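Chemist: Here is the input, now give the coordinates:
(one chain, ligands or ions: 2)
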Amino acid sequence: MAEDNKEPKKPYPVVDDKKCTGCNTCIEICPMEVFVLEGTKAVVKRPDQCIGCRACESQCPENAIRIIDE
Ligand code: SF4
Ligand code: SF4
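Modeler: Numbering: from 1, shown residues only. Ligands and ions are numbered 1, 2, ... in the order given. I've put the predicted structure just below:
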């Protein structure tokens, strides 16, 4: 099993892909390039780079992002 199920270092974002519309806002707004767009969904590609600024969480129009920090 090559699957990496180790929890990332906090803080890190999670995207609810049922809510995400792929609007690209979080990809553009994140200063640390944590997200990438894959198809029509934002994917948390580099969770360890997150600095917990919460810009993505506050700007996502679908309220699809949550920051895990505790
Ligand atoms: S801002 Fe929200 S809806 Fe837009 S791509 Fe990111 S997670 Fe998806
Ligand atoms: S909290 Fe800030 S650094 Fe972390 S993913 Fe969101 S925008 Fe990027």
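
Chemist: isn't Asp16 right next to Glu57, touching?
Modeler: No. With contacts counted by C-beta atoms under 8 Å, Asp16 stays clear of Glu57, the gap being 11.4 Å. Glycine gets a C-beta too; all of them are placed from N, C-alpha and C.

Chemist: The two - which one has more neighbours?
Modeler: Glu57 (16 against 13; other C-beta atoms under 10 Å).

Chemist: how close does the more buried one get to Pro13?
Modeler: Relative to Pro13, Glu57 is positioned 7 Å away (C-beta to C-beta, to the nearest Å).

Chemist: what touches both of these two?
Modeler: Common contact partners of Glu57 and Pro13 (C-beta atoms under 8 Å, 6 or more residues apart in numbering): 65-67.

Chemist: Weed out the non-buried ones from those residues.
Modeler: By neighbour count, with 16 or more other C-beta atoms under 10 Å, the shared contacts of Glu57 and Pro13 hold 65, 67 as buried.

Chemist: Could you export the shared contacts of Glu57 and Pro13 as a markdown table, including distance to ligand 2, secondary structure and pLDDT?
Modeler: Shown next, in a markdown table, are the shared contacts of Glu57 and Pro13 (distance: C-beta to the nearest ligand atom, whole Å; DSSP: H, G, I helix; E, B strand; the rest coil; pLDDT from 0 to 100):
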| residue | distance to ligand 2 | secondary structure | pLDDT |
| --- | --- | --- | --- |
| Ile65 | 7 | strand | 98 |
| Arg66 | 10 | strand | 98 |
| Ile67 | 5 | strand | 98 |
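
Chemist: now the shared contacts of Glu57 and Pro13 as JSON lines including distance to Glu28?
Modeler: JSON lines is the format used below for the shared contacts of Glu57 and Pro13 (distance: C-beta to C-beta, whole Å):
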{"residue": "Ile65", "distance to Glu28": "13"}
{"residue": "Arg66", "distance to Glu28": "19"}
{"residue": "Ile67", "distance to Glu28": "17"}
